[in-house]
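coordinates only, sequence not included:
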């Protein structure tokens, strides 16, 4: 027990260092800096139309209070963001022109977000600061561009179409910028490629981003026509959207928890070592991200890695020690086939079943189907590594096991996967 | 049309003719044709997108906001025209159905428009001064719109003989109320679309509908994910059961029976679902009991009996991290408690036992009795019910037993078919079942049980 302690604290230090990657730090600084600058600017130049500022500030605060977490640990606050965009785009309230500056927009949004976040912090649910800073920073961009440029060059009188188009274009650009920033952070966190991360972010946040943008424009428009009542009324459609996404995130989380829990039946039944499935999963995730797998593929990989030993349930007697890597190849194949059959039974996880079925084939493939999918090759390596290392945290042992795997890379293990594993193990910044 | 019964044919014709009469003889004074066409187009395209997005799930369509905006902007006749435009929606539908749907929406729109005008609502883009009084006639109009729609559809269903008035079963008003409330909510948006029509025009409808359609898409994803989750859960439970040939399907049947009991007791849908999960997962901890012990035929030693008694706790440990299971966790942990306090693992008695656990306990034993075991034939449902009743007070809660009996009387119960274990797997057959009250586990050193 005592010998395990030093590596564990070392890992914790590694995790801390990861938290403040350079890009994250840059974003946090930018957001905090612009908020401070905006507050100062507004304090010196004066505060106009306080009632509109108050109404929007309250909506932003409440929206932040009701923030949700999408799958993939993406924290968003749709109502707060839409309110902020609406305030940035606001030109009139009920017919009377408003004159607030970009600085005032940023100041109001920053105060609203901070106040909305306060109760969360008090009860110990600290936000993901990267996401929090991103929410603020996007509004900074939108407000500066719109209030400094667009209002100056687009004529406000008469036809709304020009202004509306400018708003629409700006919203789309903001969505793209948001995804790009999120992707930079994600790539830094998971050590994956930027393009992969960007696509993942677009897919995960695109739909809700569009809804947020549309609502922001709508709020600005409605408040112009109907006064501040429009703000309240046209937040409602977005609220429905938020509920839907929240529900989806809950179901997805439950699904994951179910698979995680039930993958442990093999451990409780004494078929495999305690924690084996989870360790294999963690390692497989890190390697998969390192090899640039998409988020959807990583999810499939997660399910497959968690359930890769489920076929052992059909064995009459557990394999001694549960280490499938030591079992004869035919037995390994049979376990994989049985597990795959169980998973295929669900009718919804065919891709996962395929990954599990081919997890013990050599990397060149051994049938007519060609080489097994990348996920299977990763699980094969991660499983072998964990079976051989066990619960040890000894770096020398890691090295020795990787060496052993490397000796088999001409036939059994995929050399690119083993290389990725080496990088993952060497780098203290990963979850391993 | 030919396949319809006479009454339905007659009824459909009347509705279509009435709608046509409204649109032909109505006055189009003061209706801006541009506005009318734009709204109708938007309504049709929103409906079309809606049907494309919606994968066979009955739900309310947010596009009703567009048709209700027409009441304010174009008056009763305009609303009728917009409503009738719904027969142009892109979907596979026979001509009669299309015409009927269009006519139905047209009549609903016309009636709602008339009420709106009657109560003092002014047709046209409402100005600042119209608020808040315009909300009253509009709300009534939205409600009437919903009522006329339901009545027209309901009558058709009645003509077709799809709906009969059922007695004896309690009417479930909650889902209907939610549906009506949310569609009324969507309808109210129509008023506000009208209010910003002057500034934003058709753009307003697009901006309002965009988040709503995205919401619907997300709800659909949600339903799909939920189904996937349930399928996976069920499969994994069954995988755990492959250990014993005779108990195959046990978890699914217990889940079903527990759900029937919970429903009969009038629990709300979410709780029923959780109790179903509890029933499904109740024996997951059996995996921690060595197969040797489960399949042993003779008397059990104290240690072996203790190992069996541990399975509810083991099950609890496996699934406790699943977030949605609160009630189900209690059911898994306590499904072997007895009302007289002689059960395990904690020896709770009476009301101390969580309600969910009392439900699952009855369902568990009922399924055990009505299925075949290696050492006995399956009991008939009557015999099993008698046995359950005999144990009321000592082992079971009478409320749960009676609820099960009522539910079975009404909906029936299919006991599993007798299973013949395969020859080569003879070793995988249990000689006793820990659930079976008719043949209690025999523990060495105890007299009887």
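Okay, I see it. Please read all numbers here as calculations on a predicted model, not as lab measurements.

what's the domain layout of chain A?
Annotated domains of chain A cover A:2-249, A:263-426 [automatic domain parsing].

average pLDDT across the longest one?
Just to be clear, that refers to domain A:2-249. Taken as a whole, domain A:2-249 has an average pLDDT of 86.

on that earlier part again, mind checking which of the domains of chain A is nearest residue B:263?
The minimum distance between residue B:263 and those falls on domain A:2-249, with 22.7 Å, by C-beta to C-beta. In this view, the C-beta of every residue, glycine as well, is placed from N, C-alpha and C.

Can you give me the pLDDT of the residue of the stretch 51-200 of chain B found nearest chain A?
Residue nearest to chain A within the stretch 51-200 of chain B: residue B:196 (4.3 Å; C-beta to the nearest C-beta). At residue B:196, the predicted lDDT confidence score is 81.

Hmm, residue B:204 and it touching each other?
Yes. Counting by C-beta atoms under 8 Å, residue B:204 is a contact partner of residue B:196 at 4.9 Å.

Can you work out which residues contact both of the two?
Listed as contacting both residue B:196 and residue B:204 by C-beta atoms under 8 Å, 6 or more residues apart in numbering or on different chains are residue A:221.

Residue A:217 against residue A:85, yeah?
Yes. The pair formed by residue A:217 and residue A:85 meets the contact definition of C-beta under 8 Å, at 7.4 Å.

neighbour-wise, which of the two wins?
The residue with more neighbours, out of residue A:217 and residue A:85, is residue A:85; 30 against 25, by other C-beta atoms under 10 Å in any protein chain shown.

Could you report the neighbour count for the nearest residue to that one once chain neighbours are set aside?
Spatial nearest neighbour of residue A:85, chain neighbours left out: residue A:216 (2.9 Å); criterion: C-beta to C-beta, 6 or more residues apart in numbering or on different chains. The number of residues packed near residue A:216 is 29, by other C-beta under 10 Å.

Please apply the same query to residue A:231.
Residue neighbour count, defined by other C-beta under 10 Å, stands at 23 for residue A:231.

Which strand or helix spans it?
Here residue A:231, judged by DSSP states H and E, is contained in helix A:229-233.

buried residues in that helix?
Neighbour counts over helix A:229-233 (16 or more other C-beta atoms under 10 Å in any protein chain shown) mark A:229, A:230, A:231, A:233 as buried.

could those be laid out in JSON lines, adding distance to residue A:288?
Formatted as JSON lines, the buried residues of helix A:229-233 follow (distance: C-beta to C-beta, whole Å):
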{"residue": "A:229", "distance to residue A:288": "50"}
{"residue": "A:230", "distance to residue A:288": "47"}
{"residue": "A:231", "distance to residue A:288": "44"}
{"residue": "A:233", "distance to residue A:288": "45"}
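
Run through these and flag the ones next to chain B.
With the criterion set as C-beta under 8 Å from any C-beta of the partner chain, the members of those near chain B are A:229, A:230, A:233.

I'd assumed residue B:131 was in contact with the first one.
Yes. The pair residue A:229 / residue B:131 is scored as a contact, 7.3 Å apart, by C-beta under 8 Å.

how much space between the spatially closest residue to residue A:409 that is not a sequence neighbour and chain B?
Nearest residue to residue A:409, sequence neighbours excluded (C-beta to C-beta, 6+ apart): residue A:415, at 4.1 Å. As for residue A:415, its distance to chain B is 34 Å (criterion: C-beta to the nearest C-beta, to the nearest Å).

what's near enough to touch residue A:415?
Residue A:415 is in contact with A:363, A:406, A:409, counting by C-beta under 8 Å, 6+ apart.

For the top helix by length along chain B, name the packing helices and strands.
The single longest helix within chain B, with elements called by DSSP state H, is helix B:202-241. Packing partners of helix B:202-241 (3 or more C-beta pairs under 8 Å, 6 or more residues apart in numbering or on different chains; DSSP states H and E): helix A:194-226, helix A:236-262, helix A:329-344, helix B:33-53, helix B:64-84, helix B:173-195, helix B:250-264, helix B:269-281.

next one: the last one to chain centre, how far?
Right, the one you point to is helix B:269-281. 13 Å (C-alpha atoms, centre = their mean, to the nearest Å).

List the buried residues for that helix?
Neighbour counts over helix B:269-281 (16+ other C-beta under 10 Å) mark B:271, B:272, B:273, B:274, B:275, B:276, B:277, B:278, B:279, B:280, B:281 as buried.

and what of stretch A:408-419?
Applying 16+ other C-beta under 10 Å to stretch A:408-419 flags A:409, A:412, A:413, A:414, A:416, A:417, A:418, A:419 as buried.

Quick check: the residue nearest to residue A:85 touching residue A:80?
No. Counting by C-beta under 8 Å, residue A:216 sits too far from residue A:80 to count as a contact (10.7 Å).

Number of residues surrounding residue A:130?
If you count neighbours by other C-beta under 10 Å, residue A:130 ends up with 24.

ok, it - contacts?
A:24, A:27, A:28, A:185.

Packing partners of the helix or strand harbouring the third one?
With the criterion set as DSSP H and E, the secondary-structure element containing residue A:28 is helix A:22-45. Where contact means 3+ C-beta pairs under 8 Å, 6+ apart, helix A:22-45 is packed against helix A:102-122, helix A:129-144, helix A:161-190.

Could you say which of these is packed most deeply?
Counting by mean count of other C-beta atoms under 10 Å in any protein chain shown, helix A:129-144 has the highest mean neighbour count of the helices and strands packed on helix A:22-45, with a mean of 23.

After that one, heading C-terminal, what element do we hit next?
Moving toward the C-terminus from helix A:129-144, the next helix or strand (DSSP H and E) is helix A:151-153.

For the stretch 51-200 of chain B, which residues are neighbours of chain A?
B:62, B:128, B:131, B:185, B:189, B:192, B:195, B:196, B:198, B:199, B:200.

For these, give me TSV that also has neighbour count and distance to residue B:253.
Below are those laid out as TSV (neighbours: other C-beta atoms under 10 Å in any protein chain shown; distance: C-beta to C-beta, whole Å):
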residue	neighbour count	distance to residue B:253
B:62	26	40
B:128	12	64
B:131	15	59
B:185	16	41
B:189	25	46
B:192	27	51
B:195	26	56
B:196	26	56
B:198	14	63
B:199	17	61
B:200	23	57
